[in-house]
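Enquirer: Predicted coordinates and the sequence they were generated for:
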Amino acid sequence: MRLTQLRLFIIIVVLVGVGLVAWLYPFPKNIHIEQKAIQYTQDDPASAVTTKIKVEGRMVRPLFRQASFEGHVSVDNFDLTQKDYMSTIYVLERKNHINKGSLTYNRMETPFDYSLIGLIYFSDDWREISMFLGSTGDERTQTHVVTGASNYEKAVEIQEKMRGK
């Protein structure tokens, strides 16, 4: 009788443990999102224009290792983001369900070089995105792209919230 109770207890503990892992573990997730966004140059409200961000790829959060996104993020008004190769985004920092990563696009023609570099902040479900894009050759092209905003003021507010300012 006592051995049967012990076996039953062990089976229940194992099943509860497996259930908790299955519930809590963030399995790889396919991302397919297309959202409207506001694109603007730093400190220039007149530069604000509406654009569209497309995200296609796979978010991976391995156990005890760095999370990453493999795929492509493109902005309609930025040709480089549509034609050039995008490197894997590794999550460098995560606070309050907002992830921060490095955004790098590479030319696929000789000489191989960065065509665009920047930072990206995104929520766990990719519904909120804030990008800071800067061309390697011209500092005047530093641009912000923010989803979920209908005007410059709201875009700046969302960007500051996501950056934790």
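Expert: Noted; the coordinates are in hand. Everything numeric here is computed off the predicted structure, so don't read it as measured data.

Enquirer: From here on, just use CA atoms for contacts and neighbour counts.
Expert: Noted.

Enquirer: residues contacting residue 92?
Expert: Residues near residue 92 by CA atoms under 8 Å, 6 or more residues apart in numbering: 66, 99, 100, 101, 102.

Enquirer: does residue 58 really touch residue 27, like I thought?
Expert: No - using CA atoms under 8 Å, residue 58 is not in contact with residue 27, being 10.5 Å away.

Enquirer: and the two? which has more neighbours close in?
Expert: Set residue 58 next to residue 27 and count neighbours by other CA atoms under 10 Å: residue 58 wins out with 16 against 13.

Enquirer: Which pLDDT value goes with that one?
Expert: As predicted, residue 58 sits at a pLDDT of 93.

Enquirer: Can you name the secondary structure element that comes next after the strand or helix carrying it?
Expert: Secondary structure from DSSP states H and E places residue 58 in strand 44-60. Next in sequence after strand 44-60, counting helices and strands by DSSP H and E, comes strand 68-75.

Enquirer: residues in contact with the strand holding residue 58?
Expert: 27-41, 67-77, 147, 151-153.

Enquirer: What is the least confident helix or strand in this protein?
Expert: Using mean pLDDT, DSSP states H and E, the weakest-scoring helix or strand in the chain turns out to be helix 79-83, at a mean of 82.

Enquirer: Does anything pack onto that helix? Which helices or strands?
Expert: strand 68-75, strand 114-123 (3 or more CA pairs under 8 Å, 6 or more residues apart in numbering; DSSP states H and E).

Enquirer: Out of these, which gets nearest to residue 94?
Expert: strand 114-123 (9.4 Å; CA to CA).

Enquirer: okay, that closest one in CSV with CA atoms only?
Expert: Output in CSV follows, covering the C-alpha atoms of strand 114-123 (Å, rounded to 0.1, in the frame of the first residue of the first chain):
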residue,chain,number,x,y,z
TYR,A,114,27.0,47.6,-43.3
SER,A,115,24.4,49.5,-45.2
LEU,A,116,22.4,50.4,-42.1
ILE,A,117,22.8,50.0,-38.4
GLY,A,118,20.6,50.9,-35.5
LEU,A,119,18.7,49.8,-32.4
ILE,A,120,15.4,48.2,-32.0
TYR,A,121,13.1,48.0,-29.0
PHE,A,122,10.1,45.6,-29.2
SER,A,123,7.5,44.1,-26.9
